[in-house]
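>>> Dropping the sequence and predicted coords here.
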Amino acid sequence: MTALVFIHGTGVREPDFSKLAGRVAAGLTALRDGLRIVPYYWADAHGATLAAGGASLPAHPGGTARGLAETPAASEAALYADADGDDTAAWAALYADPYAELALAAAGTAPVVERPPGSVPPQQRLQARLAALAAQGDAPAAELGPGLARAATGLAADPLLGPAADALDPDDLAVLAARSLTARIVADVLDADTPLVPVGDTRDAVAGRLAEALGAPPRGTERGLRSLLLRTAGSAASRALVRRRRALTEAAHPAAADILRYLSRGEAVRADLRNLVAGLAPPVVLVCHSLGGIIALDTLIAAPLPQVRLLVTAGSQGPFLYESGSLPTLEHPAPLPAHVPAWLNLYDPRDLLSYVGAGLFPGRVTDVAVDSRQPFPAAHSAYWTNPEVYRHIVDRLP
């Protein structure tokens, strides 16, 4: 029986680790019977902690305006715009500000001074559908995570809805509202630093389903609307950096601090992994995410572990640390030791924390690109909801 040791990445703590390990186990065992999944939760004993309760972290920045009057800088927009013209830039803008499209539509609308007697404001129909959607709880968007009911209730009461409804036909209004709800849920997932971010296909399926529930005909969620997003991508990206300033700083506990702690005091976690693997019957496969891949690579380089027949890394910084002279057990240009097993390295081109190794270790590393259709940083946490990842792993299992 093949034993797969799953090694998590930075910032993962319980109960998220159990959820993540369960998702990985389900993804692998669905494609191949007879696998033994062995989770290695290193953060419990070796993860970083803030001894003074976070005294080093800055306060939250002041509130930021939601208006979209500013013109996005071309250089900022370019960071989010993909050469192949896909919608990653659009979703990056919406994760930063889920109301971005509605605000842009509202900004272009002349105020309605007076309505004919007996007329119904255009937003009322959508508000009723949002209320009906909220009454269903989170179930209609369960694949993304919790928060649909809260998002629908909040959108129904938001003052942007009226001006946006005056500017858009009902179908497009329903689509924009659905995208706003979807982005709000995913943004909450990102803010929670969960290790499981849904891939783009799942996100789009939910957005389409919500659009139909809000009155749009069965069709895609992109028709005629992409320009709204691309025009706001740069300004939304700027606001995202401000909005997430403390969140990014708080990533120093535990995410960034996990890396620093490992690089300065990593021998203990490597010793624990070595002891775990030594007690397993071969063949053993190490399946690793982010810092987990660095831990596994260092452990395998330091001394032979003959039980291990395959190393799998996803979103790994191991090649970068090696090339930059920062990998604890191997310094460039020393070659990868012969006892290190075959290495499958999965990376997402949009994941700015993933690197490739074939050019550094010719013939020793197989780099395989996977596409979650998520912008960074969501792309770094979307590997384990991507069916493509599991297929590549299972295809190479001993």
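Yes, it's here.

>>> OK, contacts around Leu276?
Val5, Val38, Tyr40 (CB atoms under 8 Å, 6 or more residues apart in numbering). For glycine as for every other residue, the C-beta is placed from the backbone atoms N, C-alpha and C.

>>> beta partners of the first one?
I take that to be Val5. Val5 has these beta-bridge partners by DSSP bridges: Val38, Leu286.

>>> I am assuming it contacts Val285, so please confirm or correct that.
Yes. Between Val5 and Val285 there is a contact at 7.2 Å, judged by CB atoms under 8 Å.

>>> Show me which of those two is the more surrounded one.
Val285 (27 against 22; other CB atoms under 10 Å).

>>> Relative to Ala55, how far out is that one?
Noted for Val285: a distance of 42 Å to Ala55, by CB to CB, to the nearest Å.

>>> now swap in Ala135 and tell me
From Ala135 to Ala55 the distance is 44 Å (CB to CB).

>>> Next: Val269.
26 Å.

>>> coming back round to it: looking at Ala135 and Ala55, which is more packed in?
Neighbours per residue (other CB under 10 Å) separate Ala135 from Ala55, with Ala135 holding more: 10 against 7.

>>> Once you drop chain neighbours, what's closest to the more buried one?
Leaving aside its sequence neighbours, Ala135 sits nearest to Ala149 (CB to CB, 6 or more residues apart in numbering; 7.8 Å).

>>> now for the helix or strand where Val175 lies, which elements pack on it?
According to DSSP states H and E, Val175 maps onto helix 170-191. Here helix 170-191 touches helix 88-96, helix 100-107, helix 123-135, helix 148-157, helix 161-167, helix 200-213, going by 3 or more CB pairs under 8 Å, 6 or more residues apart in numbering; DSSP states H and E.

>>> of all those, which lies closest to Ala187?
Closest approach to Ala187 among the helices and strands packed on helix 170-191 (CB to CB): helix 88-96, 4.8 Å.

>>> From the contact counts, what lies against that closest one?
Right, helix 88-96 is packed against helix 74-80, helix 100-107, helix 170-191, helix 200-213, helix 226-243 by 3+ CB pairs under 8 Å, 6+ apart.

>>> pLDDT (mean, whole number) over the last one?
Per-residue confidence for helix 226-243 averages out to 45 on the pLDDT scale.

>>> What of the second one?
Helix 100-107 shows an average pLDDT of 80 in the prediction.

>>> Report the angle between that helix and helix 88-96.
Helix 100-107 runs at 80 degrees relative to helix 88-96, counting by axes from the mean of the first three to the mean of the last three CA atoms, to 10 degrees.

>>> Name the residues of helix 100-107 that are buried.
Under the neighbour-count criterion of 16 or more other CB atoms under 10 Å, helix 100-107 has Ala100, Glu101, Leu102, Ala103, Leu104, Ala105, Ala106 buried.

>>> Low-confidence stretches in this structure?
For the chain, applying pLDDT under 70 flags the ranges 53-54, 56-86, 108-120, 219-255.

>>> Could you rerun that using 90?
Low-confidence segments of the chain (pLDDT under 90): 11, 48-94, 96-97, 99-123, 159-160, 162-169, 171-172, 190-196, 217-260, 376-377.

>>> that older thread, may I see the helices and strands packed on helix 170-191 arranged in TSV, with distance to Val340 as well?
Below are the helices and strands packed on helix 170-191 laid out as TSV (distance: least, CB to CB, whole Å):
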stretch	distance to Val340
helix 88-96	34
helix 100-107	46
helix 123-135	52
helix 148-157	46
helix 161-167	56
helix 200-213	34
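
>>> follow-up on the earlier one: so what's the residue nearest to Ala135 up against?
By CB under 8 Å, 6+ apart, the contact list for Ala149 reads Leu133, Ala134, Ala135, Gln136, Gly137, Asp138.

>>> who touches His380 in this structure?
Taking CB under 8 Å, 6+ apart, we find His380 in contact with Ser290, Gly315, Asp348, Asp351, Leu352, Leu353, Ser354.

>>> Buried ones only from those residues, please, as a ChimeraX command.
The ChimeraX command for the buried members of the contacts of His380 (criterion: 16+ other CB under 10 Å) is given here:
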select :290,315,348,351,353,354
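
>>> Just the ones in helices from the contacts of His380, please.
With DSSP state H as the criterion, helices contain none of the contacts of His380.

>>> Just the closest of the contacts of His380 to Pro163, please.
Proximity of these to Pro163 (CB to CB) peaks at Leu352, which lies at 36.2 Å.

>>> nearest residue to the closest one other than its sequence neighbours?
With CB to CB, 6+ apart, the residue lying closest to Leu352 is Phe376, at 4.8 Å.

>>> JSON lines for the buried residues of helix 100-107, including distance to Ala207?
Conversion of the buried residues of helix 100-107 to JSON lines gives the following (distance: CB to CB, whole Å):
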{"residue": "Ala100", "distance to Ala207": "15"}
{"residue": "Glu101", "distance to Ala207": "12"}
{"residue": "Leu102", "distance to Ala207": "14"}
{"residue": "Ala103", "distance to Ala207": "18"}
{"residue": "Leu104", "distance to Ala207": "18"}
{"residue": "Ala105", "distance to Ala207": "17"}
{"residue": "Ala106", "distance to Ala207": "20"}
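
>>> Can you tell me which of those residues lies closest to Leu344?
Distance to Leu344, by CB to CB, is smallest for Ala100 among these, at 38.1 Å.

>>> That closest one reaches Leu94, doesn't it?
Yes. Judged on CB under 8 Å, Ala100 makes contact with Leu94 at a distance of 5.8 Å.

>>> Make JSON lines out of the contacts of Leu276 and add distance to Pro159.
Output for those, formatted as JSON lines (distance: CB to CB, whole Å):
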{"residue": "Val5", "distance to Pro159": "52"}
{"residue": "Val38", "distance to Pro159": "53"}
{"residue": "Tyr40", "distance to Pro159": "50"}
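
>>> ok, back up a step: return the most buried member of the helices and strands packed on helix 170-191.
Most buried of the helices and strands packed on helix 170-191 by mean neighbour count (mean count of other CB atoms under 10 Å) is helix 88-96; its value is a mean of 26.
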